[in-house]
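Trainee: Predicted structure and sequence below. I'll ask about it afterward.
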Amino acid sequence: MNLEELTLEVMGLAREVGLWLKEERSRIGDEQIEVKGQGDFVSHADRHAEEQLTKGLTKMLPGSIVMAEEFTPNARGGEFRWIVDPLDGTANYLAGLPAYAVSIGLEDRRENPDGFGKRLLGVVYVAGLDQMYDAWLGGGARKNGETIRVHAERELNRSMIATAFPFRERHRIDGYLDLFRDLYPKIADFRRIGAAAADLCWVADGTFDGYFEMDLKPWDLAAGSLIIEEAGGVVSDWWREDVLKTGWVACGTPKAYKEIMATIESIGFQRPEHTWR
């Protein structure tokens, strides 16, 4: 498998689907928007984009399977598995905000068929801003074809940290506010964008110094976590394990990650019972 060539193919598909999403937005009315939960939306655009991606990705890599948000969130098996979010940041997309993305990761499950395998490539296309991020294992990370790195280490009081509120787990807001309260005095400022895949890429290219969030899903993180690592950053869950297992992400430059994790650990969050695989 030539990862560079495969990544280029995936980028082409991500751009095609992302541009379709951008065009389709003008044709979506309020009556076509479904509410999955408080603050959690879906439309036919998410589902059609997922169908396009599934068809294209399995054709690129015959025998592979797809784990994706809308139709196959519990897909297991296969030697190679694509982990796909067809439209990360749906609420932004539907509100007309340009921070939304197509996110595609590929893992090799041959050595760990019962859990997450080694991530081989990641592609995130922030369609509303025409920003294409990509990485393959050992090949570095890029934005629109140019090599990117996490921000040079700088003092924490000059650092910009991205985060989000736990909208699916609103009962956890007290713990989140404790973390916000403890970390905020140490940094320059927080930003809350609402598209995890984009947040991860903006850490990778140095826009942000770090990022943390509760209770994400594998498809939010699979591509962006590899892009951060290939850009020289650090990423894990809040218990220093594979971030895809719990979806509680902490990442950033080595210095920012260290401070975020120290603050998280000082509060002592309980690891969720449910884990992904």
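Mentor: In hand now; what should we look at?
Trainee: only C-alpha atoms for contact and neighbour calcs from this point on.
Mentor: OK.
Trainee: Can you give the distance of stretch 177-194 from its chain's centre?
Mentor: 20 Å (Cα atoms, centre = their mean, to the nearest Å).
Trainee: Can you list the neighbours in contact with it?
Mentor: With contact meaning Cα atoms under 8 Å, 6 or more residues apart in numbering, stretch 177-194 is reached by 89, 91-92, 99, 156-164, 199, 260, 263-264, 267.
Trainee: Go ahead and confirm Gly117 touches Asp108.
Mentor: Yes - with contact defined as Cα atoms under 8 Å, Gly117 counts as touching Asp108 (5.0 Å).
Trainee: Quick check, Ile264 in contact with Asp237.
Mentor: No - under the criterion of Cα under 8 Å, Ile264 makes no contact with Asp237, lying 10.5 Å away.
Trainee: out of the contacts of stretch 177-194, which are buried?
Mentor: For those, a neighbour count by 16 or more other Cα atoms under 10 Å gives the buried set as 89, 91-92, 99, 159-164, 199, 260, 263-264.
Trainee: Filter these down to the ones in helices?
Mentor: Judged by DSSP state H, the subset of those located in helices is Ala91, Asn92, Asp199, Ile260, Thr263, Ile264.
Trainee: Enumerate the beta-bridge partners assigned to the residue lying closest to Ala68 once chain neighbours are set aside.
Mentor: Residue nearest to Ala68 in three dimensions, not counting chain neighbours: Val84, with 4.7 Å by Cα to Cα, 6 or more residues apart in numbering. For Val84, the beta-bridge partners are Ala68, Ile104 (DSSP bridges).
Trainee: pLDDT-wise, which helix or strand of the protein ranks last?
Mentor: strand 40-42 (a mean of 45; mean pLDDT, DSSP states H and E).
Trainee: What is the neighbour count of Thr246?
Mentor: Using other Cα atoms under 10 Å, Thr246 is surrounded by 24 other residues.
Trainee: which helix is the longest one in this structure?
Mentor: Using DSSP H to define each element, the chain has its longest helix at helix 3-24.
Trainee: in the stretch 151-277 of the chain, which spans are strands?
Mentor: Assigned by DSSP state E, counting those that start in this stretch, the stretch 151-277 of the chain shows strands spanning 160-163, 189-192, 210-213, 234-237, 249-252.
Trainee: buried sites along the second one?
Mentor: So the one you mean is strand 189-192. Phe190.
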